[in-house]
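Engineer: below are the sequence and a predicted model for it; my questions follow.
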Amino acid sequence: MNSVREVTRPIRMKPTGKWAVIWYDMKQNKLAYLFLAPFLLCFIIFILVPVLSAAVLAFTRYNSIETPQFVGLHNLIVMFTEDYILMKYVLGNTFKFAVFVGPVGYALQFFMAWLIMQIPERLRSLYTMALYVPSITSGVMMSVVWVVAFSGDRYGYMNNLLLTLGLIDQPIAFTQSSYLMAVMIFVTLWSTMGVGFLSLQAGMMTVDPQLYEAGKIDGIRNRLQEVWYITIPSMKPQMLFSAVMAIVGALKAGSIGVQLSGMNPTPYYAGQMLQNHIEDFGFIRFELGYATALSLVLLLFMYVINRVCFHLLGSKGEE
Amino acid sequence: MFLTRKIRSISFSGTLLFTFLTFYALLSVAPIVYIVNTAFKSLSELFLFPPTFFARHPSLHNFHDLFFALKLSEVPFSRYLFNSVLTTVITIILAVLISTMGAYSLSRMQFPGKDLIFSVIIISLMFSPEAVKITRYLVVTKLGLMNSYAGHILPHLSIPVCIFLIKQFMDQIPRALSEAAKIDGASEWNIFTKIVIPNVTPAIGTAAILTFQLVWGDLETSTYYMTEETMKTLPYFVQTLTSGMTTVVARQGASAAAGLLLFIPNLIIFVILQKSMINTLVNSGIK
């Protein structure tokens, strides 16, 4: 900012030159900045600064007491060569979880939104609510249910059911063994119908009914073709929005495993995901440099996958 | 009658889909019904084996326990509740206000840097602030927000999804209205409060609901930014209650009661705002 001011000060009277024109424009629109300022300030302090400082801190060794020490790519090298927990469990778990909760969850959202659009209108809001309700429960609240439902003794509903059906003869310790991942995926999918789902439904409502009529004339024979050739192309913007929501939701998850099993690290690292790994290093071992390097990798994942979605669903040039 | 006729007129596959949808809806609701029932179970019923799903003799015993009897620390339950309500209400009001103001600026005004700011907000939709919780924590400590209500509130004020949704909604409102007012000599603030805000209430409602869900159930601020027990919020309390709960059956009732208290405001707000939420999300598309 300083440099801008220096350049412009002598020629403030009549704006010529690139920076001067911009500065003049900015002064003309003081009010616009004033309106944006509160949001922007909070945004910069609590989102932008953390992201940017993570990009710096990731290349240091920092234990929150001594001043950060620049170590170059050391953290990255450690990540790929020495952090065997990351390689053996965390990456695999994160990937497995993200695939199920991301694409599978997204497909489920789309399918359920489509189904709801097929039923009579007066029933829609009832069903929408029933499906949406799980997503407004918080993880903490639901752990009351899941801990009981999947508890490792015969009192647990799941074990009780399986024992009665004769499918198992010994109770399974769902949350304290390698089954944890399956429970985590189930629980997350249960609450997957959130904003993204509503957005998809809203998108389907915007599709012009005449298009379906026209499609029939043009030889569309079944519902599947209708969805593929008419519904999806007409609601790409909403699909992109909910895809972004789904991706972020899938990759940021982490607390669920800890809440179900009651500990971080999770038992046998069965539900250990990148987020837990970051917490483990950041808040338990206080290796903040390494932990931020991990979160930088996570951000990079999020960004790359989102870019792929923008490429697939984005409509650059249209409208 | 009309309804059944309509369903019958759909083919066999239609009936199948309808059954599937109903089954899925029941599956969605069941755990919540379970919480409601457990919250109202009496102590003797909690110990029944095999465990029952519905409460046979509903009692308020668990709520009584929660408010008066249960002591996890020196801090009473009501303090957590108070902290939660206070921080949530203030956060919603401020977050919605600054998002709406920001959206107004981005939607209706032209100024250098506008496109840059908007694209940064779009990119930030793709990130989640949780990913950088460590540096966020450092920022909060450096600002001296530890153990203060500001530490609960400030980090949650800028929510990219909110400003994005309000801006998209505002873009659909005809400009003629506000331009007419401008010619009549209304100030920018008056146009904002008297003309723009009444027209974007659905989007504001949606932003409020999203903020509410984010803040009301949030554990991050209580866990990392608050070291004093008196400053922590309801979700944190519920977490301490539920962790290691499998062994203590008696606590299930109180936990469920607390969980229910966490959930009811969510449900009420959503039921009220469901329609405006769908209306807002029509404009949620990213182009």
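Structural biologist: That came in fine, so what should we check first?
Engineer: which non-adjacent residue is nearest the residue of chain B found nearest chain A?
Structural biologist: When scored by CB to the nearest CB, chain B has residue B:285 as its residue closest to chain A, at 2.3 Å. Every residue, glycine included, has its C-beta placed from N, CA and C. In space, and not counting its chain neighbours, residue B:285 is closest to residue A:237: 2.3 Å by CB to CB, 6 or more residues apart in numbering or on different chains.
Engineer: residue B:256 too?
Structural biologist: Per CB to CB, 6+ apart, closest to residue B:256 is residue B:38, 3.7 Å.
Engineer: and that neighbour, what element?
Structural biologist: Secondary structure from DSSP states H and E places residue B:38 in helix B:12-39.
Engineer: quick one: list the elements packing against that helix.
Structural biologist: For helix B:12-39, the packing partners by 3 or more CB pairs under 8 Å, 6 or more residues apart in numbering or on different chains; DSSP states H and E come out as helix A:105-118, helix A:121-136, helix A:139-149, helix A:180-190, helix B:2-9, helix B:61-64, helix B:249-281.
Engineer: buried set for the last one?
Structural biologist: Yep, that's helix B:249-281 we're talking about. Residues of helix B:249-281 classed as buried: B:249, B:251-263, B:265-266, B:269-270, B:273-274, B:276-281 (neighbour count, 16 or more other CB atoms under 10 Å in any protein chain shown).
Engineer: touching stretch B:150-159 from outside, list them.
Structural biologist: For stretch B:150-159, the external contacting residues (CB atoms under 8 Å, 6 or more residues apart in numbering or on different chains) are A:38-40, A:42-43, A:45-47, B:83, B:87, B:90-91, B:94-95, B:98-99, B:129, B:136, B:140, B:145, B:207, B:210-211, B:214-215, B:218, B:220-222, B:225-226, B:231, B:233.
Engineer: one more: stretch A:138-146?
Structural biologist: With contact meaning CB under 8 Å, 6+ apart, stretch A:138-146 is reached by A:175, A:183, A:187, A:191, A:255-256, A:259-260, B:31, B:34-35, B:38, B:213, B:216-217, B:219, B:235, B:238-239, B:242, B:245, B:252, B:255-256, B:258-260, B:262-263.
Engineer: and residue 181, how many neighbours?
Structural biologist: I went with chain A, as the question did not name one. Look at residue A:181: counted by other CB atoms under 10 Å in any protein chain shown, it has 20 neighbours.
Engineer: sorry, I should have been clearer: chain B.
Structural biologist: By other CB under 10 Å, 17 other residues sit near residue B:181.
Engineer: did I read that right, residue A:265 in a strand?
Structural biologist: No - counting by DSSP: H, G, I helix; E, B strand; the rest coil, residue A:265 falls outside a strand, being coil.
Engineer: please parse chain B into its domains.
Structural biologist: B:2-66, B:73-281 (automatic domain parsing).
Engineer: now the first one: mean pLDDT?
Structural biologist: Average pLDDT, domain B:2-66: 77.
Engineer: hang on, the earlier thing: tabulate the helices and strands packed on helix B:12-39 (JSON lines), appending distance to residue A:300.
Structural biologist: Supplementary listing: the helices and strands packed on helix B:12-39 in JSON lines, determined by distance: least, CB to CB, whole Å:
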{"stretch": "helix A:105-118", "distance to residue A:300": "21"}
{"stretch": "helix A:121-136", "distance to residue A:300": "27"}
{"stretch": "helix A:139-149", "distance to residue A:300": "25"}
{"stretch": "helix A:180-190", "distance to residue A:300": "22"}
{"stretch": "helix B:2-9", "distance to residue A:300": "49"}
{"stretch": "helix B:61-64", "distance to residue A:300": "46"}
{"stretch": "helix B:249-281", "distance to residue A:300": "29"}
